[in-house]
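[1] I would like the atomic coordinates for the input below:
(chains A, B and C)
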Amino acid sequence: MPIIWLIPLAPLIGALIAGVLALTRKAEKVAPIFTIAATLYSGYIALFLHRGYASATWLTIGSSYRIALDVNLDALTFTMVCVVTLVSALVQMYSIGYMENENGYARYFAYVSIFTASMLGLVSADNLFQLYVCWELVGICSYLLIGFWWFKPSAANAAKKAFVVTRFGDVGFLLGVLLLSSAAGSFQFTDIAHTMHAISMGELFTPLVSARTFLWLAPLLLFCGAVGKSAQFPLHIWLPDAMEGPTPVSALIHAATMVAAGVYMVTRLFTLFAYVPVVTETVLVIGMITAFLSASIAIVQNDIKKVLAYSTISQLGYMMLGLGAMGTVIAPSVSGVYTTGQTAAMFHLTTHAMFKALLFLTAGSVIHALHHSSDPNDMRSMGGLMKRMPITAWTCLAGVLALAGLFPFSGFWSKDAIFGALREASSKEPVAMFALVVAIIVAGMTAFYSLRLWLMTFWGEPRSEHAEHAHESPWVMTLPLVILGFLSVFLGGYLYFGDRFANSLTGLNMPTEPLNPALAGISTLVALFGLGLAWKLYAVRRLEKDPVTSLPSSVYSFLVNLWYMDAFWNRFGAAWVVALGGMVAWFDRNVVDRIVSGLPAWVCQQGGLAIRKTESGQTQSYAVTVLAAVSFIIVTLLWLTKYLPGPMHITMITH
Amino acid sequence: MNSIDSHLPFLIMSALTLGSALVVVRVRNIVHAGFWLLPCFLGVAGLYALLQAHFFVVVQVLIYVGAILVLMLFALMLTQDVMNPNKPQTNRMSLPIGLFCVVFAAGVAAILTGHQWMNSRDVILPANVQTRQLGQALIGEYALPFEIASVLLLAALVGAIVLAKSEKEPAPLPLPSLEALPDSKPE
Amino acid sequence: MNLSDFLVVSALLFMIGAYGAFTRKNAIAVILSIELMLNAANLNFLSFWRFLHPSSMEPQIFVLVGITLAAAEAAVGLAVILNIYRDFGTINVEDISLLKG
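    Numbers count the residues shown, from 1 in each chain, chains lettered A, B, ... in the order given. Reported below is the predicted structural model:
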């Protein structure tokens, strides 16, 4: 077996070991050693091999329909494997401290390790089937980890909500997978890409729908999956609730990796999206709405994790913006189209994974320090933590500035790459110009709420007794913060200078698009404006009352009520499901039950009364029944082989 | 080999086996039934001897006659007083089942005798070689069935002991309560 | 004497055993009859071995395992019967019908 298989399998083995350890009480504490080692080993194999390919047939349907399991370690997968294993290993290390006194310690690490394995399986897939299977597997892990504290009703509900809401998108994704694979007769990405090309050339008939419809319907169905998984408008509502899970899980799954799976999927299959402009425009518009909507909500949130959750949604919207902006096509081919927008989106995915994981982990560190408080997530009862938790505060500041997109932090480079792609696209897509303006406004909002978060948490005087007595976290928690902080500061520039990013994504030797100085200047000014506003409102004078509450009340309540999106879904999404359920329940009770309790019940009763008599309790009569049955079988066999009437003769194979 | 003489040992052994088996299943006194099992088992051992399965002749005598039969007789001695030998010892179904058994045995016998068996021409090995081969097979190729059989026997042994000693354990004596003890305050 | 003779004896012994097992009231007598049936089976194996496969080992192994089974069955069966005797005061299988529907 080629060693490349161990990239997804090693964490799975780690999960199995942790799962076995979870059954014991005493050996639980060693579980993270195995899962972290397995995760690092996966990453090491990827670094060591750099490129590779392995494929095994899982199932063969009919003569040609082959379902494969692949590990396709190409440039894009390599990047994703590095991000996933790095963040996963750091988060698991952090969790050693964070989850120390929790019940289900080894279970937690088993779940995280299964998640890592599924995510690695997802990014290394070379066919839609495996992609879909792993897509659902990471969803399950997300469900399990959001509901890790299942005894809390809010956590159980959040887990259900995350699962059900993403299901809306996944139905579309499944339909897209089925539509594409039935047209291609294969699940492999290259086959599907060639099929799509043939359809666009009019060389191939499409199942169910016309070729014109197929060209926009299939990619948009796939995009539905990305909308659900990457929490895009209008299915973003599950992600803030998912913060009920342990904070390291939020960092790993709901900030750095799983929610980026939608972005990854669109990138991987971008060649399918590139045929019809309306598809990329849809991606662009959805990304734009998501980025703006959730950034505006993040401004008024008081729960530190909710701010970060909305920020994540907003940044995922940025990535979608990048994908939707066709930009300059770097390398057109049937099986792979690379645009500047795409590389920018993946660039932002990578840097965002670092600084958002960092921000969640620092938030977790703060929550850990305040965990005796009644609501440890509430920023209003924090403040002044900088002196008490200096490492957390400074690393968090690095994350905040990276998120704000300040030069020269990581976020600056990737965000400006997206702006550049949008600017290029605006010559072809008019909506991209508008999106660019919105994106720059969102950059200002992002800078504002991220510094607001930091100032409310760490600056000023403690606003509660618990904040006054907070202590810095142990080194297993601060070391990942320092590593991620380092990456948040330098990774973006490192990838930008030396043209590393576009090359490592496409595998081609192409120079990175240089930054547009005017655009970079504008975005820096906007970011500085947002930061300055936050500084003026939150840092200069003592914080009595949250300044954002003095927004016009209609605007404020609109934002606090999350743009009424949850209400919308409750009214129009959940209500008719509940009504339908009521109708079905009525039918079940009054029609099905009546029929079932009528005739069949009577038959069963009478039959039971009749058969009851054979149960005499006499062992010997049972044995006689057996004898009679056996002799019946023997006689039947003899009769069937036509030996009974004629001369008694049995042919047996004897020698 | 066609004369009645050469068949005589076989006929005697068969008659001994079947005749005493019939007595076993029909006789009213259950202890007599147990004792009639002895000639039946010995007849089977004789048939084994005619088949030149020398090892199994010894095994049959040792295990069936020596062990199982004695066990049966013990059990009979322990319980015999409950079954009155003057009452019928068979249930209501005995006549139809007997008829059925006769018909079925006749049918099977007819089929068996009507078939042309292709007898092997291999030579039967002498007793010492045969037994050595069997022993070697048991610790070689067939070690696993052999071990499984021994584990089964062990399980049966333990199970039989556990079942047979189901006499309720006497309840542990209640500990004297603290109040009943004479005052002894810890210092 | 040839194979069919032995097989017929074995079949008759088996049917006699079956008759006893199905008709005797005494539980121990039932076990005795089952021993007859097991003997018939062993006789069958050895007859086939002698006439059809004298050079193969399997039939003998089967018989050995069969005898082991018979011993185990006798031991456990008798222990069960002794237990029943203690609980019910009888070993008449017709009186022991707790499973009656």
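[2] what residues of the worst-scoring helix or strand of chain B on mean pLDDT count as buried?
    Within chain B, judged by mean pLDDT, DSSP states H and E, the helix or strand with the poorest mean is helix B:69-79; its value is a mean of 83. Residues of helix B:69-79 classed as buried by neighbour count (16 or more other CB atoms under 10 Å in any protein chain shown): B:69, B:71-73, B:75-76, B:79. C-beta here means a position set from N, CA and C on the backbone, and glycine is covered the same way.
[3] using PDB, write out every CA atom in the helix or strand just after it.
    Past helix B:69-79, further along toward the C-terminus, the next helix or strand under DSSP states H and E is helix B:94-114. Taking Å, rounded to 0.1, in the frame of the first residue of the first chain, the C-alpha atoms of helix B:94-114 are listed here in PDB:
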ATOM      1  CA  SER B  94     -46.200 -44.000  21.400                       C
ATOM      2  CA  LEU B  95     -48.200 -46.100  19.000                       C
ATOM      3  CA  PRO B  96     -48.300 -43.600  16.100                       C
ATOM      4  CA  ILE B  97     -44.700 -42.700  16.600                       C
ATOM      5  CA  GLY B  98     -43.700 -46.300  16.700                       C
ATOM      6  CA  LEU B  99     -45.600 -47.000  13.500                       C
ATOM      7  CA  PHE B 100     -44.000 -43.900  11.900                       C
ATOM      8  CA  CYS B 101     -40.500 -45.100  13.000                       C
ATOM      9  CA  VAL B 102     -41.100 -48.500  11.600                       C
ATOM     10  CA  VAL B 103     -42.200 -47.200   8.200                       C
ATOM     11  CA  PHE B 104     -39.400 -44.600   8.100                       C
ATOM     12  CA  ALA B 105     -36.700 -47.100   9.100                       C
ATOM     13  CA  ALA B 106     -38.000 -49.500   6.500                       C
ATOM     14  CA  GLY B 107     -38.000 -46.900   3.800                       C
ATOM     15  CA  VAL B 108     -34.400 -45.800   4.700                       C
ATOM     16  CA  ALA B 109     -33.300 -49.400   4.800                       C
ATOM     17  CA  ALA B 110     -34.800 -50.000   1.400                       C
ATOM     18  CA  ILE B 111     -33.100 -47.100  -0.100                       C
ATOM     19  CA  LEU B 112     -29.800 -48.000   1.500                       C
ATOM     20  CA  THR B 113     -29.800 -51.600   0.300                       C
ATOM     21  CA  GLY B 114     -30.900 -50.600  -3.100                       C
END
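[4] in helix B:94-114, what counts as buried?
    B:94, B:97-98, B:100-101, B:104-105, B:107-109, B:111-112.
[5] chain A: which of those residues is nearest?
    Within the buried residues of helix B:94-114, the smallest distance to chain A is 4.9 Å, found for B:Ile111 (CB to the nearest CB).
[6] which residues of chain C lie near chain A?
    By the criterion of CB under 8 Å from any CB of the partner chain, the positions of chain C lying close to chain A are C:18, C:21-23, C:30, C:52, C:93-94, C:96-101.
[7] re earlier: mind putting the buried residues of helix B:94-114 in a markdown table, pLDDT and distance to A:Glu429 included?
    Formatted as a markdown table, the buried residues of helix B:94-114 follow (pLDDT from 0 to 100; distance: CB to CB, whole Å):
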| residue | pLDDT | distance to A:Glu429 |
| --- | --- | --- |
| B:Ser94 | 83 | 97 |
| B:Ile97 | 87 | 92 |
| B:Gly98 | 88 | 97 |
| B:Phe100 | 87 | 91 |
| B:Cys101 | 88 | 93 |
| B:Phe104 | 86 | 89 |
| B:Ala105 | 87 | 93 |
| B:Gly107 | 84 | 90 |
| B:Val108 | 84 | 89 |
| B:Ala109 | 85 | 94 |
| B:Ile111 | 81 | 88 |
| B:Leu112 | 83 | 91 |
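[8] can you put those in TSV and add distance to chain C?
    Output for the buried residues of helix B:94-114, formatted as TSV (distance: CB to the nearest CB, whole Å):
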residue	distance to chain C
B:Ser94	4
B:Ile97	5
B:Gly98	6
B:Phe100	9
B:Cys101	4
B:Phe104	6
B:Ala105	4
B:Gly107	9
B:Val108	5
B:Ala109	5
B:Ile111	9
B:Leu112	5
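[9] can I get those residues in JSON lines with distance to A:Val165?
    Listed next are the buried residues of helix B:94-114 as JSON lines, based on distance: CB to CB, whole Å:
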{"residue": "B:Ser94", "distance to A:Val165": "73"}
{"residue": "B:Ile97", "distance to A:Val165": "69"}
{"residue": "B:Gly98", "distance to A:Val165": "75"}
{"residue": "B:Phe100", "distance to A:Val165": "69"}
{"residue": "B:Cys101", "distance to A:Val165": "71"}
{"residue": "B:Phe104", "distance to A:Val165": "69"}
{"residue": "B:Ala105", "distance to A:Val165": "73"}
{"residue": "B:Gly107", "distance to A:Val165": "71"}
{"residue": "B:Val108", "distance to A:Val165": "70"}
{"residue": "B:Ala109", "distance to A:Val165": "76"}
{"residue": "B:Ile111", "distance to A:Val165": "71"}
{"residue": "B:Leu112", "distance to A:Val165": "73"}
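[10] show me which helix runs longest in chain C.
    Using DSSP state H to define each element, chain C has its longest helix at helix C:58-88.
[11] and that one, what's buried?
    Buried positions in helix C:58-88, judged by neighbour count with 16+ other CB under 10 Å: C:59-85.
[12] kindly report the same for stretch A:514-524.
    Using 16+ other CB under 10 Å as the test for burial, stretch A:514-524 gives A:515, A:519-520, A:522-524.
[13] A:Met456 is in what secondary structure piece?
    A:Met456 belongs to helix A:430-458, assigned by DSSP H and E.
[14] dump the residue contacts of the residue nearest to A:Tyr132 when sequence neighbours are not counted.
    Distances taken as CB to CB, 6 or more residues apart in numbering or on different chains put A:Val177 closest to A:Tyr132, at 5.2 Å, once the chain neighbours are dropped. Contact analysis of A:Val177 by CB atoms under 8 Å, 6 or more residues apart in numbering or on different chains lists A:128-129, A:131-132, A:187, A:222.
[15] among these, which ones are in helices?
    A:128-129, A:131-132, A:222.
[16] between which two of these is the distance greatest?
    Greatest spatial distance among the ones in helices among the contacts of A:Val177 (CB to CB): A:Phe129 and A:Leu222, at 13.5 Å.
[17] returning to what we had before: which among the buried residues of stretch A:514-524 gets closest to chain B?
    Among the buried residues of stretch A:514-524, and counting by CB to the nearest CB, the member closest to chain B is A:Leu515, at 74.2 Å.
[18] nice, that's everything, thank you.
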